[in-house]
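Visitor: Next input, structure requested:
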Amino acid sequence: MKSFRKELWFQVPGRRGFINITHQLREALKESGIREGLLLCNAMHITASVFINDDEPGLHHDYERWLEALAPHAPTDHYHHNRMGEDNGDAHLKRQIMGREVVVAITQGNLDFGPWEQVFYGEFDGQRKKRVLVKIIGE
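Guide: Here you go, the predicted model:
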């Protein structure tokens, strides 16, 4: 069995944003030479997420509204976490909802997705560089 590891780096200019990283994952798979196996992709920061869904701007807008309704950024003193000098208590909760990682099957050298599935990096406390781990195992 082979193993391949790569880090992807992102810096979202605003506080929140979604980036389609499917192309970068396909490139990593190509680099790995693995044709059958599994790809793990996870955000290495506790205020960021990796998830699978449709690449449709209306959906991304709905995510933004839904997440803000569930865990609003303001008022920042609403969160105990922020009483320690932070202002990102909401970002930790948003990450928990959207998830840390995805695992995608690899079949015949391709990411084995269902219809419309794409992989996204979700940022909830941006404006600084953060990394995403890609780990691929298989033959």
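
Visitor: nearest spatial neighbour of Lys130, skipping sequence neighbours?
Guide: In space, and not counting its chain neighbours, Lys130 is closest to His45: 4.4 Å by CB to CB, 6 or more residues apart in numbering. Glycine gets a C-beta too; all of them are placed from N, C-alpha and C.

Visitor: so which strand or helix has the residue nearest the centre of the chain?
Guide: For the chain, the residue nearest the mean C-alpha position is Val50 (1.9 Å; CA atoms, centre = their mean). According to DSSP states H and E, Val50 maps onto strand 48-53.

Visitor: Only C-alpha atoms, please: export whichever helix or strand comes after that strand in CSV.
Guide: Tracing the chain past strand 48-53, the next element assigned as helix or strand by DSSP H and E is helix 57-70. Extracted in CSV, the C-alpha atoms of helix 57-70 (Å, rounded to 0.1, in the frame of the first residue of the first chain):
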residue,chain,number,x,y,z
PRO,A,57,-23.9,30.1,-5.0
GLY,A,58,-27.4,30.2,-3.6
LEU,A,59,-26.6,27.2,-1.4
HIS,A,60,-23.4,29.0,-0.1
HIS,A,61,-25.5,32.1,0.7
ASP,A,62,-28.0,29.9,2.5
TYR,A,63,-25.1,28.3,4.5
GLU,A,64,-23.9,31.8,5.5
ARG,A,65,-27.4,32.9,6.7
TRP,A,66,-28.1,29.6,8.4
LEU,A,67,-24.8,29.4,10.3
GLU,A,68,-25.1,33.0,11.3
ALA,A,69,-28.5,32.4,12.7
LEU,A,70,-27.3,29.3,14.7
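
Visitor: All good on my end, thank you.
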